[in-house]
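Undergrad: quick one: sequence plus predicted model below, questions after.
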Amino acid sequence: MQRWVRLPNGGFLDATQVMFIGKIDSYPRMDDEGNAAGVEFAVAIGTGFSRDQQLTVSGSKEDIATLVRQLLGQAAAQ
């Protein structure tokens, strides 16, 4: 059975196919003019171990935290 999760960039991912979730990283975000625009968060998600089956999702702290909770199946518990 498929369990679709919406990614912060608007795409979808089948949560049953996820093999690993990497460490959540943060880095300074820049706007189009090169000015500091806060902090951006990113997490690596893999549906396999080859390079073409891995993706990095970035977004706000709330977006990434919600995504990780949904992938772990804990979003309904809150």
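TA: Good, I have the coordinates.
Undergrad: would you map the helices across the protein?
TA: For the chain, the helices defined by DSSP state H occupy 61-72.
Undergrad: skipping adjacent residues, who's closest to Lys61 in space?
TA: Once flanking residues are discounted, Lys61 sits nearest to Phe41: 5.3 Å by C-beta to C-beta, 6 or more residues apart in numbering. (C-beta placed from N, C-alpha, C; glycine too.)
Undergrad: which residues are in contact with Ser58?
TA: By C-beta atoms under 8 Å, 6 or more residues apart in numbering, Ser58 lies in contact with 8, 40-42, 64.
Undergrad: please repeat the previous calculation with a cut-off of 10 Å.
TA: When contacts are counted by C-beta atoms under 10 Å, 6 or more residues apart in numbering, Ser58 is found next to 7-9, 25-27, 29, 40-43, 64.
Undergrad: let me have these in a markdown table, extended by distance to Asp52.
TA: Shown next, in a markdown table, are these (distance: C-beta to C-beta, whole Å):
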| residue | distance to Asp52 |
| --- | --- |
| Leu7 | 17 |
| Pro8 | 21 |
| Asn9 | 18 |
| Asp25 | 21 |
| Ser26 | 26 |
| Tyr27 | 24 |
| Arg29 | 27 |
| Glu40 | 24 |
| Phe41 | 24 |
| Ala42 | 19 |
| Val43 | 18 |
| Ile64 | 22 |
